[in-house]
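Colleague: one predicted model, sequence on top.
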Amino acid sequence: MAQKKADKIERFKFGKINILLFIAAIVAIITGFIIVNSTTTFGTILLVLGYAVLIPLSLLVRPNSDKLKSK
């Protein structure tokens, strides 16, 4: 029983890559909202990239379990 709780807690830890991907998503979204006021479609592309790719990717990528156990 205790082992299952420990596994659940370790499963939700964010690693460095998760945080970097999430920061990249926030930057892409903010930049997309700033650029979307102009006539180019690059702002829309950045918004889709941030919302549909980078945020789910930052939540789904698992950090290496070997590095987490050694810390």
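Modeller: Good, I have the coordinates.
Colleague: report the contact partners of Gly43.
Modeller: Contact analysis of Gly43 by Cβ atoms under 8 Å, 6 or more residues apart in numbering lists 31-37. Yep, even glycine has a C-beta here, placed from its N, CA and C like the rest.
Colleague: apart from its neighbours in sequence, what residue is nearest the most centrally placed residue in the chain?
Modeller: By Cα atoms, centre = their mean, the chain has its centre lying nearest to Ser58, at 2.1 Å. Using Cβ to Cβ, 6 or more residues apart in numbering and skipping residues adjacent in sequence, the residue nearest Ser58 is Leu21, 3.5 Å away.
Colleague: which residues are in contact with the helix or strand harbouring Asn18?
Modeller: Assigned by DSSP states H and E, Asn18 belongs to helix 16-35. With contact meaning Cβ under 8 Å, 6+ apart, helix 16-35 is reached by 42-47, 49-51, 54-55, 57-59, 61, 63.
Colleague: in that helix, what counts as buried?
Modeller: Buried residues in helix 16-35, defined by neighbour count with 16 or more other Cβ atoms under 10 Å: 18, 21-22, 24-25, 28-29, 32, 35.
Colleague: could those be laid out in JSON lines, adding pLDDT?
Modeller: Shown next, in JSON lines, are those (pLDDT from 0 to 100):
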{"residue": "Asn18", "pLDDT": "92"}
{"residue": "Leu21", "pLDDT": "95"}
{"residue": "Phe22", "pLDDT": "95"}
{"residue": "Ala24", "pLDDT": "97"}
{"residue": "Ala25", "pLDDT": "97"}
{"residue": "Ala28", "pLDDT": "96"}
{"residue": "Ile29", "pLDDT": "96"}
{"residue": "Gly32", "pLDDT": "94"}
{"residue": "Ile35", "pLDDT": "93"}
